[in-house]
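*Asks:* Structural data only, the sequence is not supplied:
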């Protein structure tokens with residue numbers, strides 16, 4: 001069954017994408033929750049017209065996302081936390097702390113869009129990379145420096 005997504009769905013697609021999914025997934029999950037609509041010929045025609053009208057808005061959003069990406073690439077986040085004598089962090093440094101540190105620098109980023117390249121939270125002192133998803137295919141890599149509290 002083909003559907004038109006009304007919002008971003010993880011591992012499926014972005015808002016306004018036309019994707020093909022299994023009938024049960026669409027009928028029992030996506031459509032009842034308002035995440036998608038069926039891609040009937042009339043709905044597809046309306047969707048194409050809306051996409052044509054939104055094209056210039058899309059260009060503006062992409063431009064803003066590129067500007068934010070370049071600002072993020074230039075900054076480095078420094079987080080001080082409690083560490084043991086051998087350099088291990090008590091607990092871990094997670095995406096929430098990185099988002100708060102970015103907010104202090106004037107860069108508002110949703111914590112759910114921050115992922116560490118190691119795949120999990122930071123548990124050691126040092127400089128680590130984090131990837132920030134800004135818009136669809138636009139991402140930025142930031143340096144996260146974890147140091148011990150004094």
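*Replies:* Received it, and whenever you're ready, just let me know what you need. What you are looking at is a predicted structure, and each value in this text was computed from that prediction instead of being measured.
*Asks:* distance of residue 89 from residue 131?
*Replies:* Noted for residue 89: a distance of 20 Å to residue 131, by C-beta to C-beta, to the nearest Å. C-beta coordinates here come from the backbone N, C-alpha and C atoms, glycine included.
*Asks:* Which residue of the two possesses the greater neighbour count?
*Replies:* residue 89 (19 against 13; other C-beta atoms under 10 Å).
*Asks:* which SS class is the more buried one?
*Replies:* Assigned with DSSP: H, G, I helix; E, B strand; the rest coil, residue 89 falls in the strand class.
*Asks:* Go ahead and confirm it touches residue 146.
*Replies:* Yes. Applying C-beta atoms under 8 Å, one finds residue 89 in contact with residue 146, separated by 6.4 Å.
*Asks:* Let me know the pLDDT of residue 150.
*Replies:* With respect to pLDDT, residue 150 has a value of 67.
*Asks:* and the nearest residue to residue 101 once chain neighbours are set aside, helix, strand or coil?
*Replies:* Excluding the flanking residues, the one nearest residue 101 by C-beta to C-beta, 6 or more residues apart in numbering is residue 77, at 4.4 Å. Here residue 77 is strand, with the state taken from three-state DSSP.
*Asks:* and if you look at residue 70?
*Replies:* Per three-state DSSP, the local secondary structure of residue 70 is helix.
*Asks:* Now for residue 1, how many residues are close by?
*Replies:* The number of residues packed near residue 1 is 16, by other C-beta under 10 Å.
*Asks:* As a check, name the ranges of all helices in the chain.
*Replies:* Using DSSP state H, the helices of the chain run over residues 23-25, 41-74, 95-104.
*Asks:* mind checking which of the ones you listed is nearest residue 7?
*Replies:* Closest approach to residue 7 among the helices of the chain is made by helix 41-74 (14.1 Å; C-beta to C-beta).
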